[in-house]
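In: 3D model of this:
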Amino acid sequence: MKRKLRMGMVGGGKDAFIGAVHRIAANMDGLAELVCGTFSIDPEISKDSGEALFINPDRVYLTYQEMIEKESQLPEGERMDFLTIVTPNFVHFEPAKMALENGFNVVIEKPMTFSLEEAVQLKEIVERTGLTLALTHTYSGYPMIKQAKAMINNGELGKVRKVIVEYPQGWLSRLSEREGNAGAAWRTDPKKSGKSGAMGDIGTHAAHLAEYVTGLKITQLCADLHVMVEGRMLDDDGNVLLRFSNGANGVLVASQIAAGEENALSIRVYGEKGGFEWKQHEPNNLLVKMLDQPLQVYRTGNAYKEPYSLSSFATHNTRIPAGHPEGLLEAFGNIYRNFILTVSAKLNGENPTAEMLDFPQVDEGVRGMAFVDKVVESNTSNEKWIKVD
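Out: Predicted coordinates for the structure are as follows:
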């Protein structure tokens, strides 16, 4: 089977930022095409979105239930192959569950579900069906993040001792949810977002990045959450002390009231022999700091010679020559490409390569929800350290 995969979408209507990002990312390598969707709970917006995207009107549906039911009845050569879910958190689980149970692979926004219980159920369904679920923890798609991971795997830093990951934003420094900001409204509503605000929204990105890069698991944490903007219902700022599976320790900061900041995600990791630093604002650069060497700057797309050559995981996810910035869209595209290559390989009865399988999946989704659960528990507990199971 050599063909594009057919994609369906829940949410992501014509005025939704994240829907457009997903569509660009999925189409970046010409490996998928959008064939159907239910783009909004408002039928007119969904219809208009379908028209703007040149979708067959018969495959622009009123609800995700109708879409999954009707798509599953189409011939195998016509129905969608996977469903992308870009709705608020409380509308993640049910469409993902129904899609998987009807034989469709899934791409889903983070956090994976509304609750840990839903995440565990989704993992069980994925394992039972043998289908593939991709979770869009975008920042793991950057080539220099993959290079950093490979360097740790190769032992170049020695045993990891310290992890510092920070994710400051400033967009919720005011009570924007009461000023007509739809994205702020659902993210700060516990009925739609879940039990945590900033930690659920961006803290999960930071926690995933720390675990992805180091290959370690967060085993214990001590959290301090705050609601800094008066009248807000969920945390908008927080600090978490971390302990990792190898004995390393760390600090995670996630804030959406860091006035003046845009999207300043960064990570520093220190081992016995040296460390590295990566910033999302300058994603092509990986700063490597060894004990007995000058500061080194690894950059995306360069054909360095041994012993400085870039890993196969970094080069597999590099799209353009050195000196050309690769940003959020390319990182998103890398997750989609690896997911699509994995699904296509399975459909062809082939084994996906390690590079193909290098994208966040259902296990990371469960860990993300466990992180949120334990952060909230820790914040209200008298115990200093809370175990992350």
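In: so what's the closest residue in space to residue 271 that isn't next to it in sequence up against?
Out: With sequence-adjacent residues excluded and distances taken as CB to CB, 6 or more residues apart in numbering, residue 271 is closest to residue 157, at 3.1 Å. C-beta here means a position set from N, CA and C on the backbone, and glycine is covered the same way. Residues near residue 157 by CB atoms under 8 Å, 6 or more residues apart in numbering: 151, 269, 270, 271, 272, 273, 274, 275, 276.
In: Just to be sure, residue 157 is in a strand?
Out: No: under DSSP: H, G, I helix; E, B strand; the rest coil, residue 157 sits outside any strand and is assigned coil.
In: Distance-wise, check it relative to residue 287.
Out: 13 Å (CB to CB, to the nearest Å).
In: Common neighbours of those two, please.
Out: Going by CB under 8 Å, 6+ apart, residues that sit against residue 157 and also against residue 287 are residue 276.
In: Excluding its own residues, what touches stretch 177-197? List them.
Out: By CB under 8 Å, 6+ apart, stretch 177-197 touches 17, 88-90, 111, 114-115, 171-172, 176, 200-201, 203, 225, 231-236, 256, 372-373, 375-376.
In: Equivalent analysis for stretch 296-314, please.
Out: Contacts for stretch 296-314 (CB under 8 Å, 6+ apart): 143-144, 146-147, 149-151, 283-290, 318, 320-324, 326, 354-355, 358.
In: among those, which are in strands?
Out: 285, 286, 287, 288, 289, 290 (DSSP state E).
In: how much space between residue 27 and residue 33?
Out: In terms of CB to CB, residue 27 sits 7 Å off from residue 33.
In: ok, those two, which is more surrounded?
Out: Neighbours per residue (other CB atoms under 10 Å) separate residue 27 from residue 33, with residue 27 holding more: 16 against 13.
In: any idea how far residue 137 is from that one?
Out: According to CB to CB, residue 27 and residue 137 sit 20 Å apart.
In: what's the answer for residue 260, then?
Out: Distance, residue 260 to residue 137, by CB to CB: 25 Å.
In: Between these two, point out the one with more neighbours.
Out: residue 137 (25 against 8).
In: The more buried one reaches residue 112, doesn't it?
Out: No: the pair residue 137 / residue 112 is not scored as a contact, 9.7 Å apart, by CB atoms under 8 Å.
In: Please identify every residue contacting each of those two.
Out: residue 368.
In: in its sheet, what does the helix or strand where residue 107 lies sit against?
Out: Take DSSP states H and E as the rule and residue 107 turns out to sit in strand 105-108. Its sheet considered, strand 105-108 pairs with strand 82-86 (parallel), strand 133-135 (parallel) by DSSP bridges.
In: Grab the CA positions of it and hand them over as CSV.
Out: The C-alpha trace of strand 105-108 is given here as CSV (Å, rounded to 0.1, in the frame of the first residue of the first chain):
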residue,chain,number,x,y,z
ASN,A,105,-5.8,5.7,14.7
VAL,A,106,-5.8,8.9,16.7
VAL,A,107,-3.8,12.1,17.0
ILE,A,108,-4.7,14.1,20.0
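In: in stretch 253-264, what counts as buried?
Out: Buried residues in stretch 253-264, counted by 16 or more other CB atoms under 10 Å: 253, 254, 255, 256, 257, 258, 261, 264.
In: Give me the subset of the residues you listed that lies in strands.
Out: Short answer: those in strands (DSSP E) are 253, 254, 255.
In: got those residues as JSON lines, with distance to residue 82 and pLDDT columns?
Out: What follows is these, written out as JSON lines (distance: CB to CB, whole Å; pLDDT from 0 to 100):
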{"residue": "253", "distance to residue 82": "35", "pLDDT": "98"}
{"residue": "254", "distance to residue 82": "30", "pLDDT": "98"}
{"residue": "255", "distance to residue 82": "34", "pLDDT": "98"}
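In: Tell me the one of these nearest residue 331?
Out: Taking CB to CB as the measure, residue 331 lies nearest residue 254 of those, at 19.2 Å.
In: ok, now which ones touch that closest one?
Out: Contacts of residue 254 by CB under 8 Å, 6+ apart are 166, 167, 168, 198, 199, 202, 203, 206, 237, 238, 240.
In: average pLDDT across stretch 173-185?
Out: In this model, stretch 173-185 carries a mean pLDDT of 95.
In: So what would you say the end-to-end distance of it is?
Out: Start and end residues of stretch 173-185 are separated by 14 Å (CA to CA, to the nearest Å).
In: From the chain's centroid, how far away is it?
Out: 23 Å (CA atoms, centre = their mean, to the nearest Å).
In: cool, stretch 218-234 as well?
Out: The answer for stretch 218-234 is 21 Å, by CA atoms, centre = their mean.
In: shaky segments in the chain?
Out: Per-residue confidence of the chain (counting by pLDDT under 70) places the weak regions at 1.
In: what's near enough to touch the residue positioned nearest the centre of the chain?
Out: For the chain, residue 137 is the residue whose C-alpha lies nearest the centre (CA atoms, centre = their mean; 1.3 Å). Remark: with contacts taken as CB under 8 Å, 6+ apart, residue 137 is in contact with 110, 204, 205, 208, 209, 212, 335, 360, 364, 368.
In: repeat that for 10 Å
Out: Residues counted as contacts of residue 137 (CB atoms under 10 Å, 6 or more residues apart in numbering) are 109-112, 204-205, 207-209, 211-212, 331, 335, 359-360, 364-365, 368.
In: Thanks a lot, catch you later.
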